[in-house]
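Asker: okay, predicted coordinates and the sequence, questions at the end:
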Amino acid sequence: MTRTNDDSWDVTESVGATALGVAMARAAESAAVTPLFTDPYAQMFLDAAGARGWSPPTGAMAQRIRAIGGYAASRTKWFDEFFVAAGAAGIRQAVILAAGLDARAWRLPWIQDSVVFEIDQPQVLQFKEEVLAAHGVVPKARHVAVPVDLRQDWPKALLDAGFDVTEPTAWSVEGLLPYLPADAQDLLFERITELSARDSRIAVEAFSAGFFSEDHLARRRVHIDKMRAEAAEAGEDMPDPEQLWFIEDRAHVPDWLSEHCWEVGALPADDLMARYHRSMPADITEGSMATEFVEGVLTE
């Protein structure tokens, strides 16, 4: 399914289905002997999607999801710690952008009177809420769903849902930027900055500085083609991720945030995985991920 600027999706298709892939990784991590985190709801989403006709990836795709498990687990743990630290600093308002099947409002230890706004496609949020409600799961903070596409006027929808611009906010941008055109990425951060009170915090999974170099994109294309060819030989249909991503050169996130009054630090993905004693197989993106994890505090 090739991306367009006004496309939409259910949880079992297009970009929505990637949330199920992440849920598979979270479920696998939760079942590990020494997990970095526990997400008891990930398997609930997978089971519910299966009941709606979704078939879990097999063969090459399933192998790839397992291979990036160390990265997915490290990413989840980092964002978990971001929200816990924000709460410890007294921030009671959080916004999870492109929330997908993220269940942090239900599983993290939020401080008293916290509110968690989740923004995503209406069908995705509805699916998540229905599954959790069917299992009698209640959020650990006040949860407010904001069903709107991030390429639309989501600030108005957020404000209409009760967002308080005078309160510091903890923002998360996880697994989102590849699915936005370059100009939409700039607009996203402009809007976040406009809505943020002083001392707000932001956590972003971002492209590394060299991601859009000709050399890296060429090597990435060769790697993807190789994986798809191997899948085809096994009689499997492996989607091309570049049909879901907007492969467009764009602003380097740490630089953009620094230029807009955010005090920023960035950690390469490899260093993050090393922190949690995780790694990538050498045959997956050459054993590395061309991403970095950016954290910032608004100073003005």
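Answerer: Ah, there it is. Numbering: from 1, shown residues only.
Asker: where do the helices sit along the stretch 1-150 of the chain?
Answerer: Ranges of helices in the stretch 1-150 of the chain, per DSSP state H, counting those that start in this stretch, are 14-30, 42-51, 59-67, 69-88, 104-107, 122-134.
Asker: just the CA atoms of stretch 216-223, as CSV, please.
Answerer: Taking Å, rounded to 0.1, in the frame of the first residue of the first chain, the C-alpha atoms of stretch 216-223 are listed here in CSV:
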residue,chain,number,x,y,z
HIS,A,216,23.5,5.0,3.5
LEU,A,217,20.3,5.0,1.4
ALA,A,218,21.9,2.9,-1.3
ARG,A,219,23.2,0.3,1.2
ARG,A,220,19.7,0.3,2.8
ARG,A,221,18.0,-0.3,-0.5
VAL,A,222,20.4,-3.2,-1.3
HIS,A,223,19.7,-4.8,2.1
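Asker: how close does Gly162 get to Asp149?
Answerer: From Gly162 across to Asp149, the span is 20 Å (Cβ to Cβ, to the nearest Å). (Each C-beta comes from the backbone N, C-alpha and C, glycine too.)
Asker: cool, and Asp199?
Answerer: As defined by Cβ to Cβ, Asp199 lies at a distance of 29 Å from Asp149.
Asker: again, but for Ile65
Answerer: Ile65 is 26 Å from Asp149, by Cβ to Cβ.
Asker: cool, and Leu298?
Answerer: For Leu298, the distance to Asp149 equals 25 Å [Cβ to Cβ].
Asker: of those two, which one has the most company?
Answerer: The neighbour count for Leu298 versus Asp149, taken as other Cβ atoms under 10 Å, is higher for Leu298 (21 against 17).
Asker: neighbours of Ala134, how many?
Answerer: Neighbours around Ala134, by other Cβ under 10 Å: 10.
Asker: same question for Glu194.
Answerer: 10.
Asker: quick one, phi/psi of Ile296?
Answerer: Not quite, residue 296 is Gly, not Ile. phi -140, psi 160 (degrees, to the nearest 10).
Asker: residues contacting the nearest residue to Val264 once chain neighbours are set aside?
Answerer: Closest residue to Val264 apart from its sequence neighbours, by Cβ to Cβ, 6 or more residues apart in numbering: Gly296 at 4.3 Å. Contacts for Gly296 (Cβ atoms under 8 Å, 6 or more residues apart in numbering) come out as 201-202, 204, 257, 262-265.
Asker: thank you, goodbye.
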